[in-house]
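A.B. asks: Please work out how this folds:
(2 chains)
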Amino acid sequence: MPAVADRDRELERGSIWSLRRESLRRPDEFDRGIREDLWLAPHDRKAQASEIKTNVYANVDLIFPVLLRKQPEHRMKAAEFYRELDMIVGMTDIKDPNASVFVYSFQVIDPRNFGDRLNKMVLDLVPAPLLPEITNGYFRHEVLYELGESERSMILVNAIQSAAKIEVSLKPPWSPYRVCVFVTLE
Amino acid sequence: MATPRQSMLGGILVRVGTFSLGRFDDRLKLQKTVYLLQAFGIFLGYNFNWYLRGPYSPGLAHDAFDMASSLNRFEPLHFSDQEAERRFNQFLEFVSDRKDIPEWLELVASIHMLRQMYPEKTKEEIFERMAAKQPNLPNAERVAAWDRLTRQGLI
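C.D. replies: The predicted model follows:
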């Protein structure tokens, strides 16, 4: 423990001895790894525990996923774009306000007749209220995070295969705000 | 069935070495390896907090236990993006000779995290904190770990 903990960045949790007792009384409130940590900590009644809650990757220059790099434009294969999108969406519970990364939406900007290219059978899977947006190439969190996995996958694969250029709105870990990146699909 | 992120994690870990979850040190090794991988810019979306033994991600622990029976059975993942593959190879080189030493992994991951958290603190202040955490490690180990992180441009 530092002499003075920075309260904005570090939360003092109290003595390890009392935390150990708490973890026995209410094990459900302590993650398994943390319970182990507490039992393996020094058996010194003065030992203190603290928790740092921050985004430690804010200053890391991300290389992968490519979509999270500090670059405004990317070129990639449609299958790669789908894999990265699927992975980034899977990184976060959209309802978690502390999550460090989200995809807010994406907009197909090329071709202009995108809606005509979509497979009509796949469009049958789209909930009616979302149909106008999707045929205009706009996909937001209802599709990305809330649809069933198989429907979402079929809709997104078909959409991405029908697109040539996409604008993605996302929040990478290195920014507190949303950023837009353009992706040209090969 | 593994999620896309779990598949990615499994495919990466088999390229790093053999992992298990049986003992505390095995789990510590997994946690610190993934922390360092993300510090190299290969980001799998795991958020790490600071606990007694340094960076720890409950989300990673959850995924690892989910994948426990198949942890070493994933197909090795090779990045189609050349820059990502090159960076991953730098990570492999960074951990290569020490990847199975939990104390070393804890040391380098903790120094990195403390440096990110407290950029205003001096090297000596960070060493002081690490000495309280790992009192049995000689200071030369901390110096070597710091230099290794510096050479990679990580701190």
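A.B. asks: So in that sheet, which strands flank the worst-scoring helix or strand of chain B on mean pLDDT, and in what orientation?
C.D. replies: Within chain B, no helix or strand scores below strand B:49-51, which has a mean of 84 by mean pLDDT, DSSP states H and E. Applying DSSP bridges, strand B:49-51 is found paired with strand A:48-53 (antiparallel), strand B:54-56 (antiparallel).
A.B. asks: Let me see the residues that make contact with the last one.
C.D. replies: When contacts are taken as C-beta atoms under 8 Å, 6 or more residues apart in numbering or on different chains, the neighbours of strand B:54-56 outside the stretch itself are A:33-34, A:37, A:56, B:31-32, B:35, B:48-50, B:106, B:109-110, B:113, B:133. In this view, the C-beta of every residue, glycine as well, is placed from N, C-alpha and C.
A.B. asks: low pLDDT regions in the chain?
C.D. replies: Just so you know, I chose chain A. Applying pLDDT under 70 to chain A picks out residues A:1-9, A:42-44, A:51-53, A:97-98.
A.B. asks: I'd like the domain boundaries of it, if you could list them.
C.D. replies: The record's domain parsing of chain A by automatic domain parsing lists A:10-52, A:66-185.
A.B. asks: mind putting the ones you listed in a markdown table, mean neighbour count included?
C.D. replies: Conversion of the domains of chain A to a markdown table gives the following (neighbours: other C-beta atoms under 10 Å in any protein chain shown):
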| stretch | mean neighbour count |
| --- | --- |
| domain A:10-52 | 15 |
| domain A:66-185 | 16 |
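A.B. asks: Residue B:64: which of these is closest?
C.D. replies: In terms of C-beta to C-beta, the element of the domains of chain A nearest to residue B:64 is domain A:10-52, at 9.5 Å.
A.B. asks: That closest one: how far from the chain's middle?
C.D. replies: 29 Å (C-alpha atoms, centre = their mean, to the nearest Å).
A.B. asks: now do stretch B:132-148
C.D. replies: Worked out by C-alpha atoms, centre = their mean, stretch B:132-148 lies 16 Å from the chain centre.
A.B. asks: Return the set of buried residues in that stretch.
C.D. replies: By neighbour count on 16 or more other C-beta atoms under 10 Å in any protein chain shown, the buried set for stretch B:132-148 is B:133, B:134, B:137, B:141, B:142, B:145, B:146, B:148.
A.B. asks: Just the terminal-to-terminal distance for that stretch.
C.D. replies: With C-alpha to C-alpha, to the nearest Å as the measure, stretch B:132-148 spans 21 Å from end to end.
A.B. asks: Show me the contacts of strand B:54-56 that map onto strands.
C.D. replies: With DSSP state E as the criterion, strands contain B:49, B:50 from among these.
A.B. asks: With that, I have no additional questions.
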